[in-house]
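> heads up, no residue letters with this:
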């Protein structure tokens, strides 16, 4: 496989998240050029694509089983946060999933997340930490109980979820895009190292 072919899959995946081709190419080329001990940005760029593509493929396997995609988004969040921080232990996954969104998501994406999840008992918006707690609980339900059918993101109408109590007005596509944008920020943060 030529280098141009291998780079094209990264360019194709990340293209919707960049305003122009030169900025996109600079990001992919800078990450791809990393090697040795200073290759965290390269690994982050690869992991975001790999894990988000897995999440996308889940919709083809089990349509409207959003828990499966949320699982992969949260695996991506914790993996990228650990890579960015050079944290090599197995523990503290929840902490790193939260760190991914709090430290690397834009203000607009944080606002969309908090505006996209409400408490079912009082209809108030959740905090970012509560949103991540909810998504992390979905991840754990899939990973530890095999339960991939009790959580649904919005699709035209708000979804009321009882297993992980939340009223969700955010679509799965919106969450996907936030994960990718946040991953880009995390990768860029390691380009200077």
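Ah, there it is. Quick caveat: nothing in here was measured; it's all calculated off a predicted structure. Numbers count the residues shown, from 1 in each chain.

> Which positions in the helix or strand of the chain with the lowest mean pLDDT come out as buried?
Every helix and strand in the chain was compared by mean pLDDT, DSSP states H and E; the lowest is helix 3-14, with a mean of 81. Buried residues in helix 3-14, counting neighbours by 16 or more other C-beta atoms under 10 Å, are found at 10, 11, 13, 14. In short, each C-beta sits where N, CA and C put it, glycine included.

> how much space is there between residue 11 and residue 32?
10 Å (C-beta to C-beta, to the nearest Å).

> sorry, back to before: which neighbouring elements make contact with the very next helix or strand once past the least confident helix or strand of the chain?
Using DSSP states H and E, the helix or strand that follows helix 3-14 in sequence is helix 21-32. Counting contacts by 3 or more C-beta pairs under 8 Å, 6 or more residues apart in numbering; DSSP states H and E, helix 21-32 is packed against helix 3-14, helix 40-61, helix 172-189.

> Redo the ones you listed as a markdown table? Include distance to residue 83.
What follows is these, written out as a markdown table (distance: least, C-beta to C-beta, whole Å):
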| stretch | distance to residue 83 |
| --- | --- |
| helix 3-14 | 16 |
| helix 40-61 | 5 |
| helix 172-189 | 8 |
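
> pLDDT weak spots in the protein?
Across the chain, the ranges flagged by pLDDT under 70 are 1-5, 62-63, 89, 193.

> coming back round to it: what's the least confident helix or strand of the chain packed up against?
helix 21-32, helix 40-61.

> Pick the most buried one from those helices.
helix 40-61 (a mean of 18; mean count of other C-beta atoms under 10 Å).

> re earlier: please enumerate residues in contact with the least confident helix or strand of the chain?
The contact list for helix 3-14, computed with C-beta atoms under 8 Å, 6 or more residues apart in numbering, reads 24-25, 27-29, 31-32, 45-46, 49, 52-53, 180, 184.

> do stretch 172-182 as well
In contact with stretch 172-182 (C-beta under 8 Å, 6+ apart) are residues 14, 16-17, 48, 52, 55-56, 59, 66, 69-70, 73, 76-77, 80, 100-101, 104-106, 109, 112-113, 116, 135, 153, 155.
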